[in-house]
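Participant: coordinates only, sequence not included:
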């Protein structure tokens, strides 16, 4: 191995946060060991509207090929898998699986050159472990969420496979249960929607079972943040777990001219005086909810930057629309009354805004990347989870770790049908959450301490830096 290059094939899931964090860990690995090279095989998302952030980002990757990291956009099948609105999670799984043939062909060519030494597959691409097995090369999982949720997924699979528990009945009940990766009992009301229906549960069970077959699991977290969860995963039935985070893309993508206006406006605000409301690449609300958010904001009296986006115009898509004129959905006179106090914008340059010293709080959908970014910049969060595992993330941040305040823990939207009816969070709850995240000094202090620990984890001598080193050593030992 001394003078040869071992190539790893990375396969991220077709989601913006998944691809970005995959590329960031790839950069770390090649920077740490010049014997490694990485090819990232990119799966296009199902809704490939040319203007969406993910498709724009994917198109930019080809130009970003760097020394020892290259990108191959996988071809779409001539006959793509049929999307079934009644089984959206299965359809997503089939989309990933439909690329096995392309992956097999690409890897076969590379194997002939004698270079491929292993696969690193996203948590939602574990079906690709079977392809790696065909070539007799080891597989590793990159878990883009946190250690607590990894433990939750493995626990659910144990309940189902080993204890014959009716997980769907449990997740739709109103009780609490002890999950090994959390110190505090978890209310079943925060179980995410992905374990509340049979078709979604079947997918998650497959993810858990296949993950157990991997040589190791890298997790986008750090020891100081999730000490209990990481220790709980040192079970002999679980592959070795390497906390390698926070893995963040701090460049935040290209800013638009309007983004500079926001930064200039923030430059003129007092430190820690502005709350950012931003709900991720797929977060949107109907007009009734938008008006409640506006009322809550106005009643709080706090300065704000609000990334306001509309429900998808295409009912088969989950990509929010942008308002040409947001006043059409806001309470009458809201923009005039709050003109000096806040800014209503469309898609937000989240990293650049969170990094600004004027930001003092963050109302977030609790996507794991967003929570890691808020901790990195020392900004306390108010939780408003929407989909995927975000309810579990909200529980961990508020109840388990005390690093966030609650607007909601159990709010859910149907990612595959954003127009479906949802509960309405009232202005009073929103106002209370905003006041708390901006005024609770105990949470703010804890977040500042964790911010310093997150930055220490990734530098030389830090826990995640050491963990990445151990992963490389163990990988090289496996292939030599």
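Facilitator: That came through, no problem. Bear in mind that the values here come from a model prediction, so they are computed numbers and not experimental data.
Participant: all helices for the stretch 251-400 of the chain, in order.
Facilitator: Assigned by DSSP state H, counting those that start in this stretch, the helices in the stretch 251-400 of the chain fall at 257-267, 287-300, 334-337, 350-354, 368-376, 390-395.
Participant: Give me the helices and strands touching the lowest-mean-pLDDT helix or strand in the chain, please.
Facilitator: Least confident helix or strand of the chain, by mean pLDDT, DSSP states H and E, is helix 53-61 with a mean of 79. Applying 3 or more CB pairs under 8 Å, 6 or more residues apart in numbering; DSSP states H and E, one finds that helix 53-61 makes contact with helix 16-32, strand 36-42, strand 69-73. Backbone N, C-alpha and C define where each C-beta goes, glycine included.
Participant: distance between that helix and the chain's centre?
Facilitator: Computed by CA atoms, centre = their mean, to the nearest Å, the chain-centroid distance of helix 53-61 equals 17 Å.
Participant: Report the angle between that helix and strand 69-73.
Facilitator: 120 degrees (axes from the mean of the first three to the mean of the last three CA atoms, to 10 degrees).
Participant: ok, now which ones touch residue 397?
Facilitator: When contacts are counted by CB atoms under 8 Å, 6 or more residues apart in numbering, residue 397 touches 366, 371, 381, 383, 403-404.
Participant: Residue 325 now?
Facilitator: By CB under 8 Å, 6+ apart, residue 325 has no neighbours at all.
Participant: What pLDDT does the model give it?
Facilitator: Residue 325 carries a pLDDT value of 95.
Participant: again, but for residue 335
Facilitator: 98.
Participant: so how many other residues sit close to it?
Facilitator: A count of neighbours around residue 335, defined by other CB atoms under 10 Å, yields 16.
Participant: close enough to count as contact, it and residue 329?
Facilitator: No - the criterion here is CB atoms under 8 Å, and residue 335 misses it with residue 329 at 11.1 Å.
Participant: Secondary structure element holding residue 93?
Facilitator: helix 88-97 (DSSP states H and E).
Participant: show me the contacts for residue 73.
Facilitator: Applying CB under 8 Å, 6+ apart to residue 73 gives the contacts 42, 44, 58, 61-62.
Participant: actually residue 367, not the one I typed
Facilitator: For residue 367, the contacting residues are 17, 280, 388, 390, 393, by CB under 8 Å, 6+ apart.
Participant: What distance do you get for the second one to residue 319?
Facilitator: Taking CB to CB, to the nearest Å as the measure, residue 280 falls 11 Å from residue 319.
Participant: Show me this structure divided up by domain.
Facilitator: Residue ranges for the domains of the chain, per automatic domain parsing: 6-245+458-479, 257-454.
Participant: And the ones you listed: which comes nearest residue 251?
Facilitator: domain 257-454 (7.4 Å; CB to CB).
Participant: Run a quick neighbour tally on residue 29.
Facilitator: Using other CB under 10 Å, residue 29 has 22 neighbouring residues.
Participant: correct me, but it touches residue 38?
Facilitator: Yes - if you go by CB under 8 Å, residue 29 and residue 38 touch, sitting 6.6 Å apart.
Participant: and for those two, which residues touch both?
Facilitator: residue 8.
Participant: Please look at residue 33 and residue 473 and confirm they touch.
Facilitator: No - taking contacts as CB under 8 Å, residue 33 lies outside contact range of residue 473: 9.1 Å.
Participant: Those two: who's more crowded?
Facilitator: Neighbour count, other CB under 10 Å: between residue 33 and residue 473, residue 33 has more, with 19 against 11.
Participant: tell me the pLDDT at the more buried one?
Facilitator: Residue-level confidence at residue 33 comes out at 94, pLDDT.
Participant: Once you drop chain neighbours, what's closest to it?
Facilitator: Spatially, and ignoring its direct neighbours in sequence, residue 33 is nearest to residue 472 (5.1 Å; CB to CB, 6 or more residues apart in numbering).
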